[in-house]
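# Fold the following.
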Amino acid sequence: TSPLEHHAVLHTLNALEEEGRISLEMVSVDQHGFIDLQHLEQLLKDQPKTLVALMHGNNEIGNLTDIKLVGALCQEHNAFFHSDAVQTVGHYKHDLKEIPAQSIAASAHKFHGPKGIGFMYINKNNKLHPFIHGGAQERNMRGGTENVSGIVGLSKALEIAYQEMDHHKELIEGLKLRMIRKFDKAMPGVAFNGASADLEKSLYTVLNVCLPESEDHDMLLFNLDIHGISASGGSACSSGATKSSHVLEALQADSNRGHVRFSFSRFNTEEDIDYTVDRVVSFYPALVN
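Okay, the predicted model is just below:
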């Protein structure tokens, strides 16, 4: 795996390593947050028949990983490839006949379905042990009564997401580009973490902003929160939290600067973008006056 994965993956793998059940290797990443595919290939040569867990779209800096290429490398070395596709399912089209992944995970709330429901695709050629014992539900993989209303909600939300995907992408990408341009114009010295400002190489739903140095940047998320703006210094799960991001730490981001992750949806407006940028700029009066 890589140091940039969501904690849902990293903490699980760390726990398995502490229990002595796995040996964990980290794939190198470059300063922009992209996977070093040459290092991955070397690790696969050294340790074939292994598990590779690499996300499709990074939830903090937005970087997209070429999972077709990663899957092909894994296939070549007889490795099991799992991808956290939570940020991309419902926003990008996934043809699992073309993506050589043994499993992918998705979550309904990322495409406006109900919270608390998700799904995992597992290639039928793989035999895995049940996650929860005690029932034959989920094809004997997870015992327990299914959340029928959640499943139906997930299915309908995904159907709508696919029907309107091109339109939603155009709308949301326009909002992200508007924020990038407004920050560039209004705030000297602003930068963007990872590849989040590159519309071709990052999620169109995420922008990670690196703000100029300020003695008050520790109060940034608090100030955003009290002005009705939901943002975070890391994943969306940590909205309003002040703890530093493990992703930005892995990229050795400047700790003297403020870092904030904004995410966008089809329910946002240009007015939302303008208000947010104006609020952030107002927190740094010495830089813009």
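# Spatially central residue for the protein, please.
In the chain, the residue lying closest to the centroid (Cα atoms, centre = their mean) is Asn59, at 2.0 Å.
# Hmm, it is touching Val86, no?
Yes: here Asn59 lies in contact with Val86, judged by Cβ atoms under 8 Å, at a distance of 7.1 Å. For the C-beta atoms, the positions are set from N, CA and C on the backbone; glycine is no exception.
# burial of Leu203, as a residue count?
26 (other Cβ atoms under 10 Å).
# what's around the residue nearest to Glu213 when sequence neighbours are not counted, how many residues?
Sequence neighbours aside, Asn256 is the residue nearest to Glu213 in space, at 4.9 Å (criterion: Cβ to Cβ, 6 or more residues apart in numbering). When neighbours are counted by other Cβ under 10 Å, Asn256 registers 10.
# Ok, Ile180 next?
20.
# How about His77?
His77 - counted by other Cβ under 10 Å - has 17 other residues nearby.
# Quick check: chain neighbours aside, which residue is closest to it?
Nearest non-adjacent residue to His77 (Cβ to Cβ, 6+ apart): Leu44, at 3.9 Å.
# on contacts alone, who are the packing partners of the strand or helix carrying that neighbour?
Under the criterion of DSSP states H and E, Leu44 resides in helix 37-46. Applying 3 or more Cβ pairs under 8 Å, 6 or more residues apart in numbering; DSSP states H and E, one finds that helix 37-46 makes contact with helix 67-76.
# for the record, mean pLDDT for the helix it packs on?
Average pLDDT, helix 67-76: 97.
# So what's the gap between stretch 3-23 and the chain middle?
17 Å (Cα atoms, centre = their mean, to the nearest Å).
# ok, and what's touching that stretch?
1, 24, 26, 29, 33, 51, 53-55, 58-61, 63, 84, 86, 235, 237, 246-247, 250-251 (Cβ atoms under 8 Å, 6 or more residues apart in numbering).
# Now, the residues you listed that are in helices?
Among the contacts of stretch 3-23, the ones falling in helices (DSSP state H) are 246-247, 250.
# Tell me the most packed of those, by neighbour count.
Greatest neighbour count in the ones in helices among the contacts of stretch 3-23, by other Cβ under 10 Å, goes to Val247: 27 neighbours.
# Grab the nearest non-local neighbour of that one.
Glu60 is the one closest to Val247 (Cβ to Cβ, 6+ apart), at 4.3 Å.
# Next one: that neighbour from Gly33, what distance?
9 Å (Cβ to Cβ, to the nearest Å).
# In the protein, where is pLDDT below threshold?
216, 234-243, 286-289 (pLDDT under 70).
# Now do the strands in it.
For the chain, the strands defined by DSSP state E occupy 51-53, 80-84, 103-107, 118-122, 191-192, 206-213, 257-263.
# The second one pairs with which strands, and in what direction?
The strands beside strand 80-84 in its sheet (DSSP bridges) come out as strand 51-53 (parallel), strand 103-107 (parallel).
# repeat for the longest one
For strand 206-213, the paired strands and their directions (DSSP bridges) are strand 191-192 (antiparallel), strand 257-263 (antiparallel).
# Return the distance of the shortest one from the chain's centre.
This points to strand 191-192. Offset of strand 191-192 from its chain centre (Cα atoms, centre = their mean): 18 Å.
# before we move on, what about stretch 47-65?
10 Å.
# do stretch 252-265 as well
Taking mean C-alpha positions (Cα atoms, centre = their mean), stretch 252-265 and its chain are 14 Å apart.
# Give me the buried stretch members for that stretch, please.
253, 257-264 (16 or more other Cβ atoms under 10 Å).
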